[in-house]
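No letters, just coordinates:
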């Protein structure tokens, strides 16, 4: 897929690099030549231009882009203007970054349906890790339902998914297990990597240090981990 990323600050650059690593074509845009130069050899294309200038943005291959992400940070004015330019040029999919509730309201009024909140989402995930014991990471689906990565409680090591029966006891579903395994690198040195063992099945047995990927109401997941 082809992505256009407007704004190559910390968030925009990280997103651009990750999408490139995943095999996508990424065009990074910023009005800072220093930022553009840093990523010139790491992205498919980098362009230095003013993203609030409709004529300048019009020179980009926006019609071929599957999505344009406005990743501009603190400069809300530039973010809103860049979003307006993309809408004016009829980009098929525009994803906006909101820095504040008012900023989000403006983006929504402009007809932007996909809005991301990187700082708030990161803070929420960290808060859950600090608040709930055993939490490794989390992903909100709604206000109540989450997908949580949690360390397998010691009391369940050696048991199978069918034996613990979290769905019956807590109304929580185990989606899969992430397990650390030993692997040799190209130099023949052994190191540990994380591997997903596949779709959860009743006969899967928990091992020490397994990471469980759980789905359910956050209160039910909290009860499961507290009772463990």
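It's in. This is a predicted model, so every value here is computed, not measured.

and residue 196, how far is that from residue 60?
To residue 60, residue 196 is 37 Å away according to CB to CB, to the nearest Å. Just so you know, the C-beta spots here come from the backbone N, C-alpha and C atoms, and that holds for glycine as well.

likewise residue 41?
Counting by CB to CB, the gap from residue 41 to residue 60 is 20 Å.

Surely residue 80 forms part of a helix?
Yes: Residue 80 forms part of a helix when assessed by DSSP: H, G, I helix; E, B strand; the rest coil.

show me the contacts for it.
103, 106-107, 110 (CB atoms under 8 Å, 6 or more residues apart in numbering).

could you flag which of these are buried?
Among the contacts of residue 80, those classed as buried by 16 or more other CB atoms under 10 Å are 103, 106-107.

Mind telling me what element the residue of the chain positioned farthest from its centre is part of?
Most distant residue from the mean C-alpha position of the chain: residue 163, 32.8 Å away (CA atoms, centre = their mean). According to DSSP states H and E, residue 163 maps onto helix 161-164.

on that earlier part again, mind checking which of residue 196 and residue 60 has more residues around it?
residue 60 (21 against 12; other CB atoms under 10 Å).

Assign that one to helix, strand or coil.
Counting by three-state DSSP, the backbone at residue 60 sits in coil.

how much space between it and residue 194?
For residue 60, the distance to residue 194 - CB to CB - is 37 Å.

now residue 18, what's its secondary structure?
helix.

Under a three-state scheme, what state does the residue lying closest to residue 68 once chain neighbours are set aside occupy?
Nearest residue to residue 68, sequence neighbours excluded (CB to CB, 6 or more residues apart in numbering): residue 4, at 4.2 Å. Following three-state DSSP, residue 4 is assigned to strand.

Would you quantify the distance from residue 158 to residue 217?
27 Å.

Outside of the longest strand anywhere in the chain itself, which residues are in contact with it?
Ranked by number of residues, the top strand in the chain under DSSP state E is strand 173-184. Contacting residues not belonging to strand 173-184 are listed as 147, 149, 152, 161, 166-167, 190-200, 204, 206-207, 209-216 [CB under 8 Å, 6+ apart].

chain center to that strand: distance?
Distance, stretch centre to chain centre, for strand 173-184: 20 Å (CA atoms, centre = their mean, to the nearest Å).

In its sheet, which strands sit next to it, and in what direction?
Using DSSP bridges, strand 173-184 pairs in its sheet with strand 190-199 (antiparallel), strand 211-217 (antiparallel).

so where do the strands sit in this structure?
With DSSP E as the criterion, the chain has strands at 2-6, 25-30, 45-48, 67-70, 94-97, 114-116, 135-140, 145-151, 173-184, 190-199, 211-217.

average pLDDT across the shortest one?
By that I understand strand 114-116. Taken as a whole, strand 114-116 has a mean pLDDT of 89.
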